[in-house]
Each structure stands twice: as structure tokens, then as C-alpha cells.
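Q: Provided below for reference: sequence and predicted model.
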Amino acid sequence: MPEIPDLEVFSHNLNKKLRGKTIKKLRVPETKKLKMSATTLRKQLQGQTIAAIYRSGKALFFACKDGTVLSLHLMLRGKLEWFEKKNQHKYTVLEFLFDDDTGLALTDVHRQATPALNPEAKQAPDALSKQVNTSFLKRLLQQSDKPVKTVLTDQGTIRGLGNAYTDEILYHARIAPMSTSNKIPEEKVKQLARSIKTVLKNAQKQIRKMDPDTIGGELRDFMAVHNRRKTKSPGGATIKRITLNSRKTYYTSEQKLYK
């Protein structure tokens, strides 16, 4: 599933190509995840001009000049793909044709990618927001005896942190993912706050370096521990793999367990 660094790069590249373009035609071949009719979606979006595209949490948002907003959650296998004049991509969920005859298709072999029209604002802060700081994390973790990874990946408390990058963040902070949240000392919470921003921003730089124009997929080869191809961390420790609350979790002995 694309996470914050991927989606930040996608939104930047989509903005470069789509800002100012008008949606000439919208096709909705897959309606499984729609909470409105395809007819309503077409009426709201056809003829609209794209004002901006941005990320919030795990979704991309297409803002139109009249204030209409379409959000796209790519889920596990959703992808955005360009086309010219005619869409040849399989498993299309949404298809945008713009006024210059360029197009954008949202595809998903699992049919789980979710469009939403004018979604309600979420209360939980985004992981890259200023609100997610040491004070916020200290309050959040002190209230829970669950594993720290479970708390960080709860979209009701912090939006945007997924499985892979939470492993990377906890490795960077040297905190074991199964650590009890309210047992983590304050100095490590402070490091965790720094690690969230550092890991997510550095990952964006790596993705832009590897594939500067990307709008789909996941680049993971640069990851320190959440990487199936690696057996050792950058520090030389063996990478261990466990299942924690149904999530594949990667960590090393370099990370301290707090219980």
C-alpha cells in the first residue's frame, strides 16, 4: 500500500501535470466502493477545473476551482496511470479524460480503491503536521498499554502511518515495535517525534531520486529494515520478522524493548 512518502511524491507530480486542466469526461466502470451514484459523481466533476492536488493521511485529494473535492484512497493495490486519448489499462475504477485529451486512470485489480466526494475532515492529525510532536506523542502513548506500533498505525489517532514506514520509524528511534506504549521513557518519545519527520522526509527524497516522475507503485529498496531482500540492518544486526496484530513486522536487536 502506498504510504505518506509515496503519496507526497505522487501529489507533487500530479500537480505538475494536471493543475489548471478541465475534466472533459469522467467514466466510472467500477462502482463497488462508491457511496454515491456514478451519475452523481460525473455530474459533480465533469467540466470542473483542477485547482490543486494534495495528500492528507493515506489519501489523495483533487480540489476543483468551485470547491468540490474528490478524494482517492488507493488501498492495497490501487494505482494511478497516465494515458493518451484512449484508456487501455485493465481493472479501471475511475477514468479522467481532460480537455487536452490526456487522461488519468485509477486502476485496482482488487477493486478496493475508494473514491469519495467532498469527504468530511478527519479529527486525527496527519503524521507530518506540526501537531504530531513530543507533547502529542507523550499524551497519546501514556494513555495506552498496547504495543507502540499498534498505536502509531491507528488512523483514528494519527493519520498516514502505515505498516512499512512505522517499522522504519521505530528502527530509527531504536524502539522495539512490540514495546508497551506507556512504558516508553520521555527521552525516547522525543526521539520518536524526530524520527517520524526524519524518516518520512528522507524517504520522499529517495523516491524522487529513484523515480522522479512516479505517480504509482511503491519503492522500498532503500528501506533499512522493512525490506524482504535484506537480512542485516545498516548497523549489521539480523533483521527479525514477526506478525504483530496481523501485520508483518520487521525489527532488530538494536531496538530496545520497553515493558
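A: All right, it came through fine.
Q: Following element in sequence after the one helix or strand residue 12 maps to, please.
A: According to DSSP states H and E, residue 12 maps onto helix 4-18. Sequence order places strand 23-27 as the next helix or strand after helix 4-18, per DSSP H and E.
Q: So for the helix or strand just after that next one, mean pLDDT?
A: Using DSSP H and E, the next helix or strand after strand 23-27 towards the C-terminus is helix 38-45. In this model, helix 38-45 has an average pLDDT of 96.
Q: Okay, now the sheet partners of the next helix-or-strand element following helix 38-45, with direction.
A: Per DSSP H and E, the first helix or strand lying C-terminal to helix 38-45 is strand 50-56. Using DSSP bridges, strand 50-56 pairs in its sheet with strand 59-64 (antiparallel).
Q: quick one: contacts of the strand it pairs with?
A: Here strand 59-64 makes contact (C-beta atoms under 8 Å, 6 or more residues apart in numbering) with 7, 10-11, 14, 18, 45, 48-55, 69-74, 116, 119. Yep, even glycine has a C-beta here, placed from its N, CA and C like the rest.
Q: Any of the residues you listed buried? List them.
A: 7, 10-11, 14, 18, 45, 48, 50-55, 69-74, 116, 119 (16 or more other C-beta atoms under 10 Å).
Q: sorry, back to before: tell me what the helix holding residue 12 is packed against?
A: strand 50-56, strand 59-64, strand 79-84, strand 102-107, helix 186-210 (3 or more C-beta pairs under 8 Å, 6 or more residues apart in numbering; DSSP states H and E).
Q: what's the neighbour count on the residue lying closest to residue 174 once chain neighbours are set aside?
A: Excluding its sequence neighbours, the residue lying closest to residue 174 (C-beta to C-beta, 6 or more residues apart in numbering) is residue 255, at 5.2 Å. Residues near residue 255, counting by other C-beta atoms under 10 Å, number 22.
Q: Could you do residue 76 as well?
A: 11.
Q: Show the pLDDT at the residue lying closest to residue 111 once chain neighbours are set aside.
A: Using C-beta to C-beta, 6+ apart and skipping residues adjacent in sequence, the residue nearest residue 111 is residue 32, 5.2 Å away. Confidence at residue 32, expressed as pLDDT, is 90.
Q: measure residue 32 to residue 200 for me?
A: To residue 200, residue 32 is 31 Å away according to C-beta to C-beta, to the nearest Å.
Q: same deal with residue 81?
A: 25 Å.
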